[in-house]
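Engineer: when you get a sec, could you give me coordinates for this:
(one chain, ligands or ions: 2)
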Amino acid sequence: MDITKEFVLGKEGITPEQKAFFDEFGFIHFKNYLTPEQIQDALHAVADIEKEWINASVEKINGIPIKYGKDENGQPIVQRFAFSSLQNEFLHHLLQDERLQHLKHFLGKGARIAETEKDGLVINHYVNTGESNFTKLGWHTDGLRDLFTQFKLNPMLNVGIYLDDSPKEKGSLRIIPGTHNKGLSDMLFRKKYFVDNTEDPDEFIVEASAGDLTVHSGRLWHRVALATLQGAASKRRVMYFPIIKGKYHPKTHRSPTPIYHKFNKFIK
Ligand SMILES: O=C(O)CCC(=O)C(=O)O
Ligand SMILES: [Fe+2]
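Structural biologist: Ligands and ions are numbered 1, 2, ... in the order given. Now for the predicted structure:
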């Protein structure tokens, strides 16, 4: 199959071709999932939450640290949001779209969209400036975090919804296709987690447009490269939510901070 192929996520569900593509690569890209109007509404929702959290100096939501930094104009911004859909009606509503229910099919029976588990709906805001606290993200898999918190690996998907265009000049998501199927020792040791952010000869660059939706397996190796662009031109905002299986682990304001987040503050 051709890894550059892009799909449409229809109301009718996942096609056999889409399922086969995902099973082979551990990844799939759907074009134009959101309308331009929905993108604008989502950006307004993000701005509302941001204003509220900055005013109230919110440090954590349900135990997950909120990452702050400064934008291209030196203004304080939130660079990593967690549990956003619990803070905002529009974002909550966005996650109820019936098309998203079909994505569970990539994981199989018993899968659920996790709004109140893990970090909920995360929004990453990368910008490449001196005062930014989030410009890139080293090689990792998302599923390994469960080993620290639940002492086992659970099947999971991470679904991304793009709010900005993401050409390769903005760094972009880089994946190593097929690594979702390589077994535990590959998942543990293929790369140095988060520290290594160097190009891999086998990496595929996911160049998405605002409104696109991507799905990757929790076992797939991926990174976000540093943008070659600077300032406002490098701005990249993507929402992520997990689809998971296994025991229900909802979080509350009493939830402790998982250890892997203590390392996250070193990541710029
Ligand atoms: O921003 C992205 O596209 C990827 C983010 C990511 O890999 C993560 O938050 O685990
Ligand atoms: Fe990730």
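Engineer: chain neighbours aside, what residue packs nearest to Lys70?
Structural biologist: Sequence neighbours aside, Glu131 is the residue nearest to Lys70 in space, at 3.7 Å (criterion: Cβ to Cβ, 6 or more residues apart in numbering). Heads up, the C-betas are built off the backbone N, CA and C, glycines and all.
Engineer: what's the answer for Leu229, then?
Structural biologist: Closest residue to Leu229 apart from its sequence neighbours, by Cβ to Cβ, 6+ apart: Glu169 at 4.9 Å.
Engineer: any idea of the pLDDT on Tyr260?
Structural biologist: Tyr260 is assigned a predicted lDDT (pLDDT) of 76.
Engineer: how much distance is there from stretch 114-126 to the middle of the chain?
Structural biologist: Mean-position distance between stretch 114-126 and its chain equals 7 Å (Cα atoms, centre = their mean, to the nearest Å).
Engineer: do that stretch and ligand 1 meet at all?
Structural biologist: Yes: interface with ligand 1: stretch 114-126 contributes Asn124 (Cβ under 6 Å from any ligand atom).
Engineer: what's the mean pLDDT across that stretch?
Structural biologist: According to the model, stretch 114-126 has a mean pLDDT of 97.
Engineer: can you give me the buried ones in it?
Structural biologist: Ala114, Glu115, Glu117, Lys118, Asp119, Gly120, Leu121, Val122, Ile123, Asn124, His125, Tyr126 (16 or more other Cβ atoms under 10 Å).
Engineer: count the neighbours of Val219 for me.
Structural biologist: Small correction: residue 219 is Arg, not Val. Counted by other Cβ atoms under 10 Å, the residues lying close to Arg219 total 22.
Engineer: ok, the residue nearest to Leu229 - contacts?
Structural biologist: Shown here is Glu169, whose contacts under the criterion Cβ atoms under 8 Å, 6 or more residues apart in numbering are Ala227, Thr228, Leu229, Ala233, Ser234.
Engineer: picking up where we left off before, now do the contacts for the residue nearest to Lys70.
Structural biologist: Contact partners of Glu131, counting by Cβ under 8 Å, 6+ apart, are Gly69, Lys70, Gly74.
Engineer: quick one: which two of the contacts of Glu169 are the most distant?
Structural biologist: Using Cβ to Cβ, the pair of the contacts of Glu169 lying farthest apart is Thr228 and Ala233, separated by 9.8 Å.
Engineer: backbone dihedrals for whichever residue of the stretch 1-150 of the chain sits closest to ligand 1, please?
Structural biologist: The minimum distance from the stretch 1-150 of the chain to ligand 1, using Cβ to the nearest ligand atom, falls at Asn124 (4.4 Å). Asn124 adopts backbone torsions of phi -100, psi 130, taken as degrees, to the nearest 10.
Engineer: ok, and the closest non-adjacent residue to it?
Structural biologist: Sequence neighbours aside, Val238 is the residue nearest to Asn124 in space, at 5.3 Å (criterion: Cβ to Cβ, 6+ apart).
Engineer: go on, Arg223?
Structural biologist: Closest to Arg223 by Cβ to Cβ, 6+ apart is Trp139, at 4.6 Å.
Engineer: the one you found against Ala225, yeah?
Structural biologist: No: assessed by Cβ atoms under 8 Å, Trp139 is found out of contact with Ala225, at 10.3 Å.
Engineer: so for the two, which residues contact both of them?
Structural biologist: Counting by Cβ under 8 Å, 6+ apart, the residues touching both Trp139 and Ala225 are Asn197.
Engineer: any idea which element the residue nearest to Arg223 lies in?
Structural biologist: strand 137-140 (DSSP states H and E).
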